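**Student:** generate a structure from the sequence data that follows.
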Amino acid sequence: MADKISVQFVDNDGDGDVRTVEVDSGITAAQFFTQMKGSVDPSDYTIRINRLGATPNQELHAGDRFTLTPAKVEGA
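**Tutor:** This is a model prediction of the structure:
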């Protein structure tokens, strides 16, 4: 069984949901995105970890802040 870590998930899509999520240690940004958003296209979002641009293979660590911001804002 994999160790678990807690990360903060900030979803700026819609009402700006912020929550702490427990995930498997070693999870990558791409895997976490899929876990949280399903089959949504990641290219439709700016993805940051700890306020810095993230790469798909970047591993999350305990206490990281994972932020999603839509690339296009409805009505803009």
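**Student:** residue ranges of the helices in this structure, please?
**Tutor:** 29-37 (DSSP state H).
**Student:** in it, which spans are strands?
**Tutor:** Using DSSP state E, the strands of the chain run over residues 4-11, 17-24, 45-49, 52-53, 65-70.
**Student:** how about those strands in CSV, adding mean pLDDT and distance to F32?
**Tutor:** Yep, even glycine has a C-beta here, placed from its N, CA and C like the rest. Converted to CSV, those look like this (pLDDT from 0 to 100; distance: least, Cβ to Cβ, whole Å):
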stretch, mean pLDDT, distance to F32
strand 4-11, 97, 7
strand 17-24, 95, 6
strand 45-49, 96, 9
strand 52-53, 96, 15
strand 65-70, 95, 6
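**Student:** could those go into CSV alongside distance to K37 and mean neighbour count?
**Tutor:** Formatted as CSV, those follow (distance: least, Cβ to Cβ, whole Å; neighbours: other Cβ atoms under 10 Å):
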stretch, distance to K37, mean neighbour count
strand 4-11, 8, 16
strand 17-24, 11, 12
strand 45-49, 8, 17
strand 52-53, 18, 8
strand 65-70, 7, 18
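**Student:** and the gap between V7 and V21?
**Tutor:** For V7, the distance to V21 equals 6 Å [Cβ to Cβ, to the nearest Å].
**Student:** about what we covered before: nearest approach to F33 belongs to which of the strands of the chain?
**Tutor:** Nearest to F33, of all the strands of the chain, is strand 45-49, at 6.5 Å by Cβ to Cβ.
**Student:** what's the angle from that closest one to helix 29-37?
**Tutor:** Angle of strand 45-49 versus helix 29-37, following axes from the mean of the first three to the mean of the last three Cα atoms, to 10 degrees, is 120 degrees.
**Student:** indicate each strand paired with strand 45-49 and its parallel or antiparallel sense.
**Tutor:** Strand 45-49 sits in its sheet next to strand 52-53 (antiparallel), strand 65-70 (antiparallel), going by DSSP bridges.
**Student:** which other residues reach the longest one?
**Tutor:** For strand 65-70, the external contacting residues (Cβ atoms under 8 Å, 6 or more residues apart in numbering) are 7-13, 29, 32-33, 36-37, 44-51, 54, 60.
**Student:** please repeat the previous calculation with a cut-off of 10 Å.
**Tutor:** 7-14, 16-18, 21, 23, 27, 29, 32-33, 36-37, 40, 42, 44-52, 54, 58, 60, 76 (Cβ atoms under 10 Å, 6 or more residues apart in numbering).
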